[in-house]
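Undergrad: Make a model of this:
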Amino acid sequence: MSDKNRSEIKFLVELDENRVPEKLLWSAKDGGVELEESKAIMLSVWDSKAKESMRIDLWTKDMPVDEMKIFFHQTLVAMSDTFHRATGDEKMSDTMKDFCDYFAEKLELKKQ
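TA: Residues are numbered from 1 along each chain as shown. As a prediction, the model looks like this:
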């Protein structure tokens, strides 16, 4: 495979002495991102042989709880959009978005 047909995304995790993430950096040169700092990463990978997802969920020890709630809400909304694009199932996508609205309401997240 030539380099023209490859794209690389990298994550760098700096750990403290107890192996707790202190700093998360990511790069995606094709997207113009080079060592950008983040406070949290959620990554899911599908294992088609085992028919299960594998996940990596990381956040830095200084990630504020209020930002984590917003991060989760935005991730859930994005997942409902991705689900609709991937499956075309509008009814379930709408149901997922209803849950996202409920989630935001219960956490008292204000729309910005």
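
Undergrad: Now do whichever helix or strand A104 is part of: distance to the chain's middle.
TA: Assessed by DSSP states H and E, A104 sits inside helix 90-106. Offset of helix 90-106 from its chain centre (Cα atoms, centre = their mean, to the nearest Å): 18 Å.

Undergrad: now for that helix, which elements pack on it?
TA: helix 65-87 (3 or more Cβ pairs under 8 Å, 6 or more residues apart in numbering; DSSP states H and E). Heads up, the C-betas are built off the backbone N, CA and C, glycines and all.

Undergrad: Could you list the buried residues of the helix it packs on?
TA: I70, F71, F72, H73, L76, V77, S80, H84 (16 or more other Cβ atoms under 10 Å).

Undergrad: quick revisit: what comes up buried for the helix holding A104?
TA: Those would be S93, M96, K97, C100, A104, for helix 90-106 by 16+ other Cβ under 10 Å.

Undergrad: what's across from the spatially most central residue of the chain in the sheet?
TA: Nearest to the mean C-alpha position of the chain, by Cα atoms, centre = their mean, lies M42 at 3.9 Å. Beta-bridge partners for M42, by DSSP bridges, are D57.
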